[in-house]
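>>> Requesting a structural model of the entry that follows:
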Amino acid sequence: MKRFHNIKGFLAGFLACAVLTATFAYADDLYQTITVQTGSAKIFIDGEQVDMESMLYDNRTYVPLRHFAGLLGKAVRYDSNVNEIHIDDKEAVQMMSKEVAFLVNGQPVRLNYFTQMINWYKLNSGIRELSGSQKNQFKEFVKNEVVKICVTQQFCEDLRITLSASDKTMIEDKINVFASNYGGLDKFTAELEKNGISYDVYYSLQEYYALRSKLMDVMTDLVSEDTIREYYDAHKDAYLVEKVKAKHILLKTTDEAGYPLPDSAKAKLKEKMNDILAEIKSGAKTFDEQMFKYSEDPGLKTNPDGYLFARGEFAKVFEDTAFSLKPGEMSPVFESELGYHIVYVVDKMTVYQPFESVKNDIYNIIRNDRYNAVMDEKAAQADIILNVSVYNGI
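Sure thing, here's the model as predicted:
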């Protein structure tokens, strides 16, 4: 606690525009001693937090800022909900109305747009409900993403990177193709609106993605194959993949047109497959003998020694079965959409994916890394001014 002398009858509000440097002794009939408590409200000047002491007197907080802020052409805003004081340019503050959530380098981000962006990121992340603290964290995440969108657009404007008429036509074509999954553009728009997102905001996002792609092309224009190969060599362990070499016997449960056979026909095929398996297990026949005699696999002639494959190349049930077996093991009879199978694993190995097969993936990684390195820095340096009462009310 600190003690200060105050002239009787003087308004306590005077403290808001005075610099308090010392305590003076005066005659008791003119002055009385008052007690104030110093505190530490968060104070932001042009968006940057600064250390400055505040005072609590008669349940009110005072800081000697408003007078000097006025002299410097600044505006002071205090948010009692979070105990934050913001000192910003008057012109910037005057630009903000209840329709603006915040400014990014002077560019207003409207409240309606920002709330729709929150809905967009919730939709794409599959989030249904958020607790109180999670809501604030998620809002901060979306704010950072919107800031990055703004600084990307501003940087593109500085570099004179724009979308051409053909770029916009391509965007519209892609939207129409995607909207066909919902039964057309009108139904897709209705689905967006059901999730709190307008078509205009969705379209602006597609423009941003296209603009970002053009910017990334500029940033990675000089990426050579040597650079890509250097990345591959430095991150080679990321391109290790487990592979299985396996043979299999297939009895199809579909006709020549690809339609499923009747259940009665399928039952007979399953019985036949169980008999084939029993002969292999008894040692009466080898796997290869049964495979070459019965298998209806169309790739058998070109792969008589089996298939070498990683995950993602065949039907999931086929891969799951093959990867669950050790070399030399054979599966029971199982069914896929093609028919009944028996799998025999010849070998399992871990190999590096060939450079040529991952070259395009690495190029895209380098594009994203270079973009993020530049734009994350620009976003961190951006002049962001919150419309505090509006932003906190979201």
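>>> isn't there a strand covering residue 241?
Yes - with DSSP: H, G, I helix; E, B strand; the rest coil as the criterion, residue 241 is located in a strand.
>>> Pull the contacting residues for it.
The neighbours of residue 241, taking Cβ atoms under 8 Å, 6 or more residues apart in numbering as the test, are 310, 350, 351, 352, 353. All C-beta spots, glycine's among them, are computed from the backbone N, C-alpha and C.
>>> Read off the pLDDT value for it.
You'll see residue 241 listed with a pLDDT of 89.
>>> likewise residue 91?
Predicted confidence (pLDDT) for residue 91: 55.
>>> Use 25 as the first number from now on
Let's use 25 as the start, then, which means that last one is residue 115.
>>> thinking again about what came up before, filter the contacts of residue 265 to the buried ones?
residue 377 (16 or more other Cβ atoms under 10 Å).
>>> Next step: the contacts of residue 265 restricted to helices.
Under the assignment DSSP state H, the contacts of residue 265 contribute nothing to helices.
>>> would you list the contacts of residue 265 in JSON lines and tack on pLDDT and distance to residue 294?
Output for the contacts of residue 265, formatted as JSON lines (pLDDT from 0 to 100; distance: Cβ to Cβ, whole Å):
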{"residue": "334", "pLDDT": "90", "distance to residue 294": "29"}
{"residue": "374", "pLDDT": "91", "distance to residue 294": "35"}
{"residue": "375", "pLDDT": "87", "distance to residue 294": "35"}
{"residue": "376", "pLDDT": "89", "distance to residue 294": "40"}
{"residue": "377", "pLDDT": "86", "distance to residue 294": "37"}
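>>> would you turn the contacts of residue 265 into a markdown table with distance to residue 253?
Shown next, in a markdown table, are these (distance: Cβ to Cβ, whole Å):
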| residue | distance to residue 253 |
| --- | --- |
| 334 | 22 |
| 374 | 21 |
| 375 | 18 |
| 376 | 13 |
| 377 | 13 |
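>>> Closest one to residue 165 out of the contacts of residue 265, please.
Using Cβ to Cβ, residue 377 is the member of the contacts of residue 265 that lies nearest residue 165, at 33.1 Å.
>>> and the protein, what are its domains?
The record's domain parsing of the chain by automatic domain parsing lists 25-119, 132-243+380-418, 262-376.
>>> how close does the spatially closest residue to residue 135 that is not a sequence neighbour sit to residue 384?
For residue 135, ignoring the flanking residues on the chain, the nearest one in space by Cβ to Cβ, 6 or more residues apart in numbering is residue 125 at 4.8 Å. Going from residue 125 to residue 384 by Cβ to Cβ, to the nearest Å gives 39 Å.
>>> same thing with residue 210?
Relative to residue 384, residue 210 is positioned 36 Å away (criterion: Cβ to Cβ).
>>> re earlier: of residue 125 and residue 384, give the one with the bigger neighbour count.
residue 125 (24 against 10; other Cβ atoms under 10 Å).
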